[in-house]
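>>> Please find the sequence and the predicted model below.
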Amino acid sequence: MDEWAYAGSPPNGYRVVPAYAWAFHEMFRRSDLYQMANFTFATSLLSASRTAAVLDPAGLLFKLYRDHFGTIPVSVTGNAPQSAPKYPPGGEEPKINAGSPTYPLDVAAAWSDDRTALTVAVINPTGSEQTLDLSFQGVRLAGGGTRWRMAPDSLDARIVVGEAPQVRVEEEPVTRVPARGTFPPFSVTLYRLTVR
């Protein structure tokens, strides 16, 4: 894909972050089609002044997935398929709906290069808290890992040089992924779990 991006966020704002994460997930799911995807607005990943620069919310998202999401796609199943688009392009129904079968959440998973960790990413693109029952088949989890989450109080949260950041990537160790996970509105959550 020669260029991709979304517009619609105030400068250095969080609003596009769930959409960017969803685009990542779709590219992971279709990695047989996408070998490369060039992001158009690379400079929009920074908040900068004449003397300093920091990653803005979208920049933090790119860094989160680069540093912690795996590289070998893993199949995700569920019993809640994504709904058909309300206004599909050209008025035609797509043959394959985008998104994982975990509506309204979107889930992607991947192995690390060395297969010592399973990574699972969950996006809640809705304005309300959502729950998801999680189970794993064909893998023996070792019982430990890390959870990273982006879940600001507002879609308009920003990171601006010289101001206190309104968006953070929260990191915490986990002993296991909960059988029923709870995901805040407009959040992006990533688990990295060690395997046996």
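Perfect, thanks for sending it. Numbers count the residues shown, from 1 in each chain.
>>> surely A121 meets Y20?
No: at 12.0 Å, A121 does not count as touching Y20 under the criterion of C-beta atoms under 8 Å. Every C-beta, even on glycine, is put in place using the N, C-alpha and C of the backbone.
>>> Looking at the two, which is more packed in?
When A121 is set against Y20 and neighbours are counted by other C-beta atoms under 10 Å, the residue ahead is A121, at 25 against 22.
>>> what kind of secondary structure is that one in?
Assigned by DSSP: H, G, I helix; E, B strand; the rest coil, the conformation of A121 is strand.
>>> so it bridges to which residues?
When assigned by DSSP bridges, A121 has beta-bridge partners A108, L190.
>>> Let me see the contact set for T126.
Taking C-beta atoms under 8 Å, 6 or more residues apart in numbering, we find T126 in contact with P104, P185, F186.
>>> Swap in 10 Å and give it another go.
Remark: with contacts taken as C-beta atoms under 10 Å, 6 or more residues apart in numbering, T126 is in contact with P18, Y103, P104, L105, F183, P185, F186, S187.
>>> Checking my notes, it in a strand, right?
No: assessed by three-state DSSP, T126 does not belong to a strand; its assignment is coil.
>>> one step back: need the contacts of T126 in CSV (columns: pLDDT and distance to K63).
As requested, those are exported to CSV (pLDDT from 0 to 100; distance: C-beta to C-beta, whole Å):
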residue, pLDDT, distance to K63
P18, 95, 16
Y103, 93, 28
P104, 95, 26
L105, 96, 22
F183, 97, 21
P185, 97, 22
F186, 97, 19
S187, 98, 17
